[in-house]
Each structure stands twice: as structure tokens, then as C-alpha cells.
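# Here's my sequence, what's the structure:
(one chain, ligands or ions: 1)
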Amino acid sequence: MSNDDLVSQARAARALAYAPYSNYRVGAAVRARDGRIFIGANIENASYGLSVCAERNAIAAAVLAGARELQAVAVVTESSPPAAPCGMCRQTIAEFSRDAILLLANEAGEVVQTTLTALLPLAFRGDQLP
Ligand code: THU
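Okay, here's the model as predicted:
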């Protein structure tokens, strides 16, 4: 699937967001190394801290399907410029990729392409554990 199509999948996922508290809907789509695509959206909770970001929900779907190496992550919000993943999501992407392509997009059609290492240089990784 092309990067453009991955962004479209993230946009479609955004429509599934459950965000009644922030009203800030986020959609994500990840492409695994084997080409499979998994989607996620943010799912909030009345106990606010339990809310889970779109990216981490998409990654959970991928990992549960056995896809542990991500090649690209698309995130769609309403923000301009397009919003970048939060720190917790960056670290989660790092767990399942070496240097994923990040496609940050919005509903206006803006797309910013970057990489995980640009957003999370010197990431802490499991192979650094004793
Ligand atoms: N959110 C995401 O889904 N991804 C991010 O990377 C940043 C924030 C969600 C969490 C919460 O539901 C809403 O956006 C506002 O913070």
C-alpha cells in the first residue's frame, strides 16, 4: 500500500475515534514490514488518564496479529500543521521499528513526512538492557 493510501486509512480510522472528553479525534494506520495494514483511533475514558492514543491502539492491533516490525506510521488529526505523536507513542513505535517513516497528516490534506529517529533521537531500546 502506498504512503498516500496509508494516510487515507488513518483518516478513515479517525472517524472511529471515541473522544467525547477532548473532542480531539486521532486516526492512525501502521504498515508492517510484510505489507499488512492495521488501524487505530484514540479511545478515551471518563477516568481521563486511561485514554489510549490512536497510534498505540494501531500498534497493539499489529502486534496481536504477529506483525512486530513497522515500516510506516500515518497519523491524521485536525491540526495544522499536522500533529506529531506524543512521547509515549514515539517510544512505543521505537519498540516495534528501527526507523519507521512517519506520515503526519490532517483533514485539510497536508502531509508532513518525517522519521521516528528525527522525532526520537537516541531512543532507549531493549537491547540496551543488561
Ligand atoms: N492523542 C493521540 O491519539 N495520539 C497522540 O499522539 C497525541 C494525543 C489523543 C489522546 C487524547 O484522546 C486526545 O488525543 C487529546 O490529547
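
# Say whether the ligand is contacted by stretch 79-92.
Yes. Interface with the ligand: stretch 79-92 contributes 85, 86, 89 (CB under 6 Å from any ligand atom). Bear in mind the C-beta positions are built from the backbone N, C-alpha and C, glycine included.

# Phi first, then psi, for the second one.
Here is the backbone geometry of residue 86 (degrees, to the nearest 10): phi -70, psi 170.

# list the contacts for the spatially closest residue to it that is not a sequence neighbour?
Leaving aside its chain neighbours, residue 86 sits nearest to residue 53 (6.2 Å; criterion: CB to CB, 6 or more residues apart in numbering). Counting by CB atoms under 8 Å, 6 or more residues apart in numbering, residue 53 makes contact with 26, 28, 42, 85, 86, 88, 89.

# Can you tell me what sits against stretch 99-111?
For stretch 99-111, using CB under 8 Å, 6+ apart, the contacting residues are 3, 6-7, 10-11, 14, 70-85, 93, 112-119.

# tell me the mean pLDDT over it?
Average pLDDT, stretch 99-111: 97.

# helices and strands around the host helix or strand of residue 29, which ones?
Assessed by DSSP states H and E, residue 29 sits inside strand 27-32. When contacts are defined as 3 or more CB pairs under 8 Å, 6 or more residues apart in numbering; DSSP states H and E, strand 27-32 packs onto helix 3-14, strand 37-41, helix 54-64, strand 70-77.

# ok, the residue most central in space within the chain to residue 38 distance?
With the centre of the chain defined as its mean C-alpha position, the nearest residue by CA atoms, centre = their mean is residue 55, 3.0 Å away. Distance of residue 55 to residue 38, computed by CB to CB, to the nearest Å: 11 Å.

# picking that back up, drop anything exposed from the contacts of residue 53.
Among the contacts of residue 53, those scoring as buried are 26, 28, 42, 85, 89 (criterion: 16 or more other CB atoms under 10 Å).

# Redo those residues as CSV? Include pLDDT.
CSV is the format used below for the buried ones among the contacts of residue 53 (pLDDT from 0 to 100):
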residue, pLDDT
26, 99
28, 99
42, 99
85, 98
89, 98
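
# Understood, closing this out.
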